[in-house]
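**Q** please work out how this folds:
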Amino acid sequence: MKKKIIIGIVALIIVGLSLLVFFLVQKQNVKEENVEGQKFKEEYAAYNNQKSKSGKQYKKVDMEEDNRFVYADMDQIKKVIKGTGVIYFGFPECPWCRNAVSVLNDAAKQTDLSHIYYLNVFDMRDEKKLDENGNIVTTKEGTKEYKELLELLHDALPEYDGLKDPNIKRIYVPLVITFKDGKVIDTHLSTVDSQKDPYENLTEDQYKELLKKYTDAFTKIGGVCTDAC
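**A** Prediction:
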């Protein structure tokens, strides 16, 4: 009888410890996600009430801390490209991006999309132009990672403006690409056609239009990211 009691007590202790470990792991995961969300919030809030190089004032971005944005490195980006998920290319100095991010986050919440993988491409991109003879010259080299992205996403990217060569692509921002089973199923660049000044807030109708574009895309993958979560 005593042996059964001891076995029962040991079993209860094991179950209790297992539950404790489970809750600690869950708590740590939530904490790590909050760190990512806080970092994203601070990155975009840093330009609130600041003026751009054009002299216009940046739109205020008041992002919640538990947002769906996750900072991604190239390995993670490649996993999403080969699998299922959503990638957002942008940077906080981009006025169009500042209009897009809150709508993106709202769309993710509405469709139960757990992560939007974020890559800041501000310092990565190359810069090209036509010289006086009409030849394409590179005035700033892109990073190795950027060149790799251009190859991986070539068919989904817009043509580099002004070069008159459809084979030369560029990652303009804000660019949101949705992948499912290794295929691009949706791309959306900028905000909405009716928005002419990115330093102005979206109107209610513009917000609804952009939200629908994002939610329609995210719904196609069932509101989940599988391979890279």
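**Q** could I get the full set of helices for this structure?
**A** 2-45, 74-82, 95-110, 144-152, 204-219 (DSSP state H).
**Q** ranked by average pLDDT, which of those helices falls at the bottom?
**A** In terms of mean pLDDT, the lowest-scoring of the helices of the chain is helix 2-45 (a mean of 64).
**Q** could I get the buried residue list for stretch 125-139?
**A** 125-126, 128 (16 or more other Cβ atoms under 10 Å). C-beta coordinates here come from the backbone N, C-alpha and C atoms, glycine included.
**Q** now those residues in TSV, please, with extra columns for pLDDT and distance to K79.
**A** Formatted as TSV, these follow (pLDDT from 0 to 100; distance: Cβ to Cβ, whole Å):
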residue	pLDDT	distance to K79
R125	98	22
D126	97	24
K128	97	29
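**Q** return the member of those residues nearest to K220.
**A** The shortest gap between K220 and any of the buried residues of stretch 125-139 belongs to R125, at 28.0 Å (Cβ to Cβ).
**Q** now do the nearest residue to Q57 once chain neighbours are set aside, the pLDDT please.
**A** By the measure of Cβ to Cβ, 6 or more residues apart in numbering, the closest residue to Q57 outside its immediate chain neighbours is K51, 5.5 Å from it. On pLDDT, K51 comes in at 95.
**Q** for V35, grab the count of nearby residues.
**A** Neighbourhood size, V35 [other Cβ atoms under 10 Å]: 12.
**Q** what do you get for T84?
**A** Neighbours of T84 using other Cβ under 10 Å come to 22.
**Q** that one reaches I177, doesn't it?
**A** No: contact criterion Cβ atoms under 8 Å: T84 and I177 do not qualify, at 11.9 Å.
**Q** thought Q57 was touching Q50?
**A** Yes: with contact defined as Cβ under 8 Å, Q57 and Q50 form a contacting pair (7.3 Å).
**Q** give the burial count for C94, as a bare number.
**A** When counting by other Cβ under 10 Å, one arrives at 23 neighbours for C94.
**Q** which residues are in contact with it?
**A** 122, 173-174 (Cβ atoms under 8 Å, 6 or more residues apart in numbering).
**Q** hang on, the earlier thing: looking at Q57 and Q50, which has the bigger crowd around it?
**A** More neighbours surround Q57 than the other of Q57 and Q50, with 14 against 11 (other Cβ under 10 Å).
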